[in-house]
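> kindly generate the corresponding structure for this input.
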Amino acid sequence: QVQLVESGGGLVQAGGSLRLSCAVSGRTFSNLAMAWFRQAPGKAREFVAAIRRSGDVTVYADSVKGRFTISRDNAKNTVYLQMNSLKPEDTAVYYCAAKLGVVSRTEFNFDSWGQGTQVTVSS
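Now for the predicted structure:
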């Protein structure tokens, strides 16, 4: 059983930055493809970014490309999401997700999820 614990959310003004972290335990981290998803109030959960097991391939949603950066530290069993130039429309609960095998941007391919961390961007 994989456990994922997100941290780093909070309230920030538009244009500001936050860095989310997701600590992973219960499985060999380097075997896991990782991703971030988000869910805004009244909306479906959506893909944000994903990273390959080795960290050499990353995938982004068009809405965050150029502003967000996903990275991982396999020695620390942690995946990060650096969020810059934040906009009010980035306000959501952000979820960390894990899966064995290849990287994916499809929610239903991920079988382990964190509890989420709230990010609120004020205008």
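> gap between the residue nearest to Lys99 when sequence neighbours are not counted and Cys22?
Closest residue to Lys99 apart from its sequence neighbours, by Cβ to Cβ, 6 or more residues apart in numbering: Phe110 at 4.7 Å. Placement of C-beta: from N, CA and C, glycine included. From Phe110 across to Cys22, the span is 12 Å (Cβ to Cβ, to the nearest Å).
> who's more crowded, those two?
Using other Cβ atoms under 10 Å as the criterion, Phe110 and Cys22 rank with Cys22 on top: 25 against 22.
> got phi/psi on the residue nearest to the more buried one when sequence neighbours are not counted?
Ranked by Cβ to Cβ, 6+ apart and with sequence neighbours excluded, the top spatial neighbour of Cys22 is Cys96, at 3.4 Å. Note on Cys96: its backbone torsions stand at phi -90, psi 140 [degrees, to the nearest 10].
> Cys96: what's it in contact with?
Leu4, Glu6, Leu20, Cys22, Val24, Met34, Ala35, Trp36, Val79, Trp113, Gly114 (Cβ atoms under 8 Å, 6 or more residues apart in numbering).
> check the residue most central in space within the chain and give its pLDDT.
Residue closest to the average C-alpha location in the chain (Cα atoms, centre = their mean): Trp36, at 2.4 Å. Trp36 is assigned a pLDDT of 98 by the prediction.
> quick check, it in contact with Val93.
No - Trp36 is beyond contact range of Val93, at 11.1 Å (criterion: Cβ atoms under 8 Å).
> what's in contact with the helix or strand harbouring Ala49?
For Ala49, the element it lies in under DSSP states H and E is strand 46-51. The contact list for strand 46-51 (Cβ under 8 Å, 6+ apart) reads 33-39, 57-61, 64, 68-72, 79, 81, 94, 103-107.
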